[in-house]
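K.L.:
Task: produce atomic coordinates for the following.
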Amino acid sequence: MMKTIVFLLMLAASGLAGAELVVQVEGVRNGKGKVRGLVFTKAGGFPNDHNAAAAKTTAGAKPGTVLLRFGKVAAQRGSIVVLHDEDGDGKLDKNFVGIPKEGLGTSNWAKRSKPKFEPTVVDLQKGKPIVIRLRYP
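P.N.:
Below you'll find the predicted structure:
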């Protein structure tokens, strides 16, 4: 009997760990390509290395707002990067001086310069969508 109660308590606790992470991407300019999302829990690889991301997801693009669902993310804090991959090649296209040609956004991105990891870190477990607005050149 005691083992059953302990098991049920452990099962209930495991369901609470890692709430579903939903990102509301605003300002998508058209329905071309995909909207891609990356969650980084460490500065290494941020914001460009898709392989360094702790979680990834993709949704079809549509003008206006797109929801990205990452499922359960175990990390408490991290930085979220979203891009509007208009040509569907899986990467952020840039011009000859390195300025993005496609839409880009991150959590807490306040400046127009390249985002840095620490200032863009947010609470990933708050239980409501995190809003990120895309910026286009």
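
K.L.:
Would you confirm that Pro119 contacts Asn108?
P.N.:
Yes: under the contact definition of C-beta atoms under 8 Å, Pro119 touches Asn108, with a separation of 6.0 Å. C-betas here are computed from N, CA, C, even on glycine.

K.L.:
how near is Arg135 to Gly98?
P.N.:
Look at Arg135 and Gly98: by C-beta to C-beta, to the nearest Å, they are 15 Å apart.

K.L.:
out of the two, which sits in the busier spot?
P.N.:
Neighbours around Arg135 and Gly98, counted as other C-beta atoms under 10 Å, are more numerous at Arg135. The numbers are 14 against 7.

K.L.:
what sits against that one?
P.N.:
Taking C-beta atoms under 8 Å, 6 or more residues apart in numbering as the criterion, Arg135 is in contact with 27, 103-105, 109, 112.

K.L.:
Please repeat the previous calculation with a cut-off of 7 Å.
P.N.:
When the contact criterion is C-beta atoms under 7 Å, 6 or more residues apart in numbering, the partners of Arg135 are 103-105.

K.L.:
ok, these vs Pro129, which is closest?
P.N.:
Ranking those by separation from Pro129, with C-beta to C-beta as the measure, puts Gly105 on top at 13.7 Å.

K.L.:
what kind of secondary structure is that closest one in?
P.N.:
Gly105 carries the three-state label strand when classified by DSSP: H, G, I helix; E, B strand; the rest coil.

K.L.:
Just confirm it contacts Arg133, I think it does.
P.N.:
Yes: assessed by C-beta atoms under 7 Å, Gly105 is found in contact with Arg133 at 5.7 Å.

K.L.:
Look up how far Glu20 lies from Lys128.
P.N.:
As for Lys128, its distance to Glu20 is 11 Å (criterion: C-beta to C-beta).
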